[in-house]
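> Below are the sequence and a predicted model for it; my questions follow.
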Amino acid sequence: MVALFASLGEPRYRAEQVMKWIHHRHETDFAAMTDLGKPLRAKLEAACVVQPPKVLFDKPSADGTHKWLLGMDGGNAIETVFIPDKGRGTLCVSSQVGCALACTFCSTGAQGFNRNLSVAEIVGQVWVAAKHLGNVPHRQRKLTNVVMMGMGEPLLNFENVVPAMSVMCDDLGFGLANKRVTLSTSGLVPMIDRLSEASDVSLAVSLHAPTDELRTQLMPINRKYPIAELLAACLRYAQRKQRTSITFEYTLMRGVNDSPVQARALAKLMRGFNAKLQRENAAKVNLIPFNPFPGTGYTRPADEDIRAFQTLLLRDHVLTTVRRTRGDDIDAACGQLKGRVLDRTRRQERQRRKHESAIPQQSTGEVDAAA
Ligand code: SAH
Ligand code: SF4
């Protein structure tokens, strides 16, 4: 923005004024930015446009969760979800249209991949939610946290995600503390190292299995970056950020990764991580009960099995929380974001064929979130 204003022959403070108009007051019309002076307003109108994403629909849930479907170019659409909870408000932001990584338990993964989102399209999601909520940084803050846990793998869109997170944290943007912005990754080892040089945000890593054999079945990326290498990269990240802990996400699927043996194996990995860092609770485990979506073969374990899994970890002194599932009446829970992906990978087509040949008499039963 400073560079843009310099190119218009304007001083830095003008860039700061416009940042505040856009991100604090949610104003998109230069004519309404009254403290800029008429000539500058006319210059801006001629040279620039403030263009938030188009809201195709927004849907409130009975539990206060709110989901937006935002229209992108050429018929694509992405989803963003706001989750209020006891004095905090978390926005779950998408980084890509679809995802190329094809984890077997994820609705976005089943959609295939179209493209990366731009910085504007990532920041725009926060803008839409902040405007809807009447959020004002430092005064009326309803949006307190951002998690990059929507559609896509954020570290495969590093060039756009890192600057977008900077706008989220900047006082002239949304003013969030670094630790309140969390990037969740499926575990791209070299990119975790790059992130630690470029940003101070919190890191969450999708683990989902205590052994390479099972993790590779669930997450094909594990073939390239197996668990030991992934944990070593997490260790380097935590070492660089002296105070930070790493959150390990573990989606619990019945009969797949929820047994007591697997809980003990996970606890052992986490204890090893804490020991290497010589810090209790350096690793936090967040158990996510599996959220079903049309066409999936996985199911969620019973509540008592989830609690038993958590108890085994806690007994081994591993800090473990269970994520409360929110917004499942509007398909807004983790892993359910579907949007509308014009798939370039042909995964949708392959899956449809597989499904149709398995059940020749029936339709696929796919539910389009946009319908
Ligand atoms: N691509 C990134 C971030 C987006 S997914 C990543 O994989 O970490 C956000 C979280 O939701 C990840 O931990 C992911 O594994 C989890 N998730 C995906 N599908 C899910 C489902 N159906 N039920 C519960 N959690 C799911
Ligand atoms: Fe992509 Fe994350 Fe879904 Fe895996 S879990 S397919 S990395 S969005």
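Nice, thanks for sending it over. Ligands and ions are numbered 1, 2, ... in the order given.
> any low-confidence regions in the stretch 201-350 of the chain?
Along the stretch 201-350 of the chain, the model assigns pLDDT under 70 to residues 330, 334-335.
> Quick one: name the residues of the stretch 101-250 of the chain near ligand 2.
Leu101, Ala102, Cys103, Cys106, Thr108, Gly109, Gly152, Glu153, Ser186, Ser206 (CB under 6 Å from any ligand atom). Quick note: C-beta positions are derived from backbone N, CA and C, even for glycine.
> at 5 Å instead, please
Within the stretch 101-250 of the chain, the positions near ligand 2 by CB under 5 Å from any ligand atom are Leu101, Cys103, Cys106, Thr108, Gly109, Glu153, Ser186.
> For Thr80, give the beta-bridge partners.
Trp68 (DSSP bridges).
> hang on, the earlier thing: just the buried ones out of the residues of the stretch 101-250 of the chain next to ligand 2, please.
Leu101, Cys103, Cys106, Thr108, Gly109, Glu153, Ser186 (16 or more other CB atoms under 10 Å).
> Restricted to helices, list the residues you listed.
Cross-referencing those against helices under DSSP state H gives Thr108, Gly109.
> Put together a markdown table for the buried ones among the residues of the stretch 101-250 of the chain next to ligand 2, with pLDDT on each row.
Formatted as a markdown table, those follow (pLDDT from 0 to 100):
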| residue | pLDDT |
| --- | --- |
| Leu101 | 96 |
| Cys103 | 97 |
| Cys106 | 95 |
| Thr108 | 92 |
| Gly109 | 93 |
| Glu153 | 98 |
| Ser186 | 98 |
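> Could you save the buried ones among the residues of the stretch 101-250 of the chain next to ligand 2 as a markdown table and add columns showing distance to Gly64?
Conversion of those to a markdown table gives the following (distance: CB to CB, whole Å):
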| residue | distance to Gly64 |
| --- | --- |
| Leu101 | 31 |
| Cys103 | 28 |
| Cys106 | 24 |
| Thr108 | 23 |
| Gly109 | 27 |
| Glu153 | 28 |
| Ser186 | 29 |
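> check the buried ones among the residues of the stretch 101-250 of the chain next to ligand 2 against ligand 1, which are close?
Cys106, Glu153, Ser186.
> separation between the first one and Val205?
The spacing between Cys106 and Val205, counted by CB to CB, to the nearest Å, is 15 Å.
> Let me know how buried Ala265 is, in neighbour terms.
Each residue near Ala265 was counted by other CB atoms under 10 Å, and the total is 16.
> outside of the longest helix seen in the chain, which residues touch it?
Longest helix of the chain, by residue count under DSSP H: helix 260-277. Contacting residues not belonging to helix 260-277 are listed as 207, 209-211, 214, 227, 231, 234-235, 238-239, 246, 248, 250, 280-283, 285, 308-309, 312-313, 316-318 [CB atoms under 8 Å, 6 or more residues apart in numbering].
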